[in-house]
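# one predicted model, sequence on top.
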Amino acid sequence: MRSSERWLSRMNPLLGVAAGLFFIGPKVLLSAPPMPVTVSNSGPEWASSYFAMRQIGTFTAEVDAIPLSSAVDGGIALSEGAQSAFAGLACIARFNTAGFIDARDGAAYSATASVRYIANATYHLRFVVNLPSHTYSVYVTPPGSSEQSVAINYAFRTEQESVTVLNTWSLFADVGSIRVQNFSAGSSTAVANSVWTNIAVPSQASWFQQEWDAVPLSSGMDGVMALSSGLGRPSRISLA
């Protein structure tokens, strides 16, 4: 199911569910999607791509990464603002020089499973982040294989254990090169008999287009997607 509407107001997407589960991945179409980015030890070693909206709660972020050689040292991270030093990275998935994918857990890198990578193949990475608890998980889908976990409830990098906002993909490579593409961030799941889910977007004061992909997770559910001025709750939903 896909919804695309035009609105005239200062509005934020929100979700509410009376029965069942509902998953939404919002996208604010105010600029072109990020282009593929390549980082390399021959330069540039660092690059960044901003989220469509900043994140302050629990969220999922996904991206495709292509290591361009068989022994790179580079990675994909989530951060507050663009970074050019490791201490500024909160959640990190890394392609290491031993030929495996791992992730940062507090002060060190490790992995819950051995996932080997090969040059010029595309690996889909899925970050599941809990910002209030400063923990995250990373799942990798190698080409032709099923998704595997490389990090489960890992702690943010030690220097970022008190960060309150994540809004940027930060990429690095100090050995070899990595190409990163298909950036997405900001999905949420609404659950019946739970609190309403709100996702902040930049304020709008004129005509704009808002799109999102929605996935009903059960049949016979009762859920709503809407735009609102500020945090939404049933009495404040504006659908006109």
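Looks like it arrived, so ask away.
# where in the protein is pLDDT low?
1-34, 185-202, 208-215, 217, 230-240 (pLDDT under 70).
# doesn't V39 make contact with S84?
No - S84 is beyond contact range of V39, at 10.9 Å (criterion: CB atoms under 8 Å). From N, CA and C alone the C-beta is placed, and that goes for glycine too.
# who's more crowded, those two?
V39 (26 against 12; other CB atoms under 10 Å).
# what touches both of S84 and V39?
Shared contacts of S84 and V39 (CB atoms under 8 Å, 6 or more residues apart in numbering): W46.
# distance of E159 relative to A93?
From E159 across to A93, the span is 17 Å (CB to CB, to the nearest Å).
# looking at these two now, which is surrounded by more residues?
A93 (26 against 15).
# for that one, give me its contacts.
Contacts of A93 (CB under 8 Å, 6+ apart): 65, 75-77, 101-103, 125, 127, 138, 140, 150-151.
# now do 7 Å
75-76, 101, 103, 125, 138, 150 (CB atoms under 7 Å, 6 or more residues apart in numbering).
# do D105 as well
151, 154-155.
# can you tell me which of those end up in helices?
Using DSSP state H, no member of those falls in helices.
# list the buried ones in stretch 123-141?
For stretch 123-141, the neighbour count (16 or more other CB atoms under 10 Å) marks 123, 125-129, 131, 134-141 as buried.
# now swap in stretch 110-127 and tell me
Buried positions in stretch 110-127, judged by neighbour count with 16+ other CB under 10 Å: 111-112, 115, 117, 123, 125-127.
# on that earlier part again, ranking the contacts of D105 by neighbours, who comes first?
When neighbours are counted by other CB under 10 Å, A151 leads the contacts of D105 with 27 neighbours.
# can you verify my assumption that it contacts V138?
Yes - the criterion here is CB atoms under 7 Å, and A151 meets it with V138 at 4.1 Å.
# residues shared between the contacts of the two?
A103.
# for stretch 60-74, which outside residues touch it?
Residues from elsewhere that reach stretch 60-74 (CB under 7 Å, 6+ apart): 39, 76, 78, 95-97, 99, 117-129, 169, 172-185, 187.
# of the residues you listed, which belong to strands?
Counted as lying in strands by DSSP state E, out of those, are 39, 76, 78, 95, 123-129, 169, 172-175, 177-185, 187.
# what about G75, neighbour count?
When neighbours are defined as other CB under 10 Å, G75 has 27 of them.
# residues contacting it?
Applying CB under 7 Å, 6+ apart, we find G75 in contact with 92-95, 172.
# again, but for N182
63-64.
# quick check: bridge partners of D102?
Per DSSP bridges, residues listed as beta-bridge partners of D102: R94.
# 20 is where my numbering starts, stick with that
Renumbered: residue one is now 20, and that last one reads D121.
# burial count for it?
24.
# how far does stretch 102-112 sit from its chain's centre?
Relative to its chain's centre, stretch 102-112 lies at 15 Å (CA atoms, centre = their mean, to the nearest Å).
# mind listing what's buried along it?
102, 107-112.
# now those as TSV including distance to A245?
Output for the buried residues of stretch 102-112, formatted as TSV (distance: CB to CB, whole Å):
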residue	distance to A245
Q102	34
G107	35
L108	35
A109	30
C110	30
I111	35
A112	34
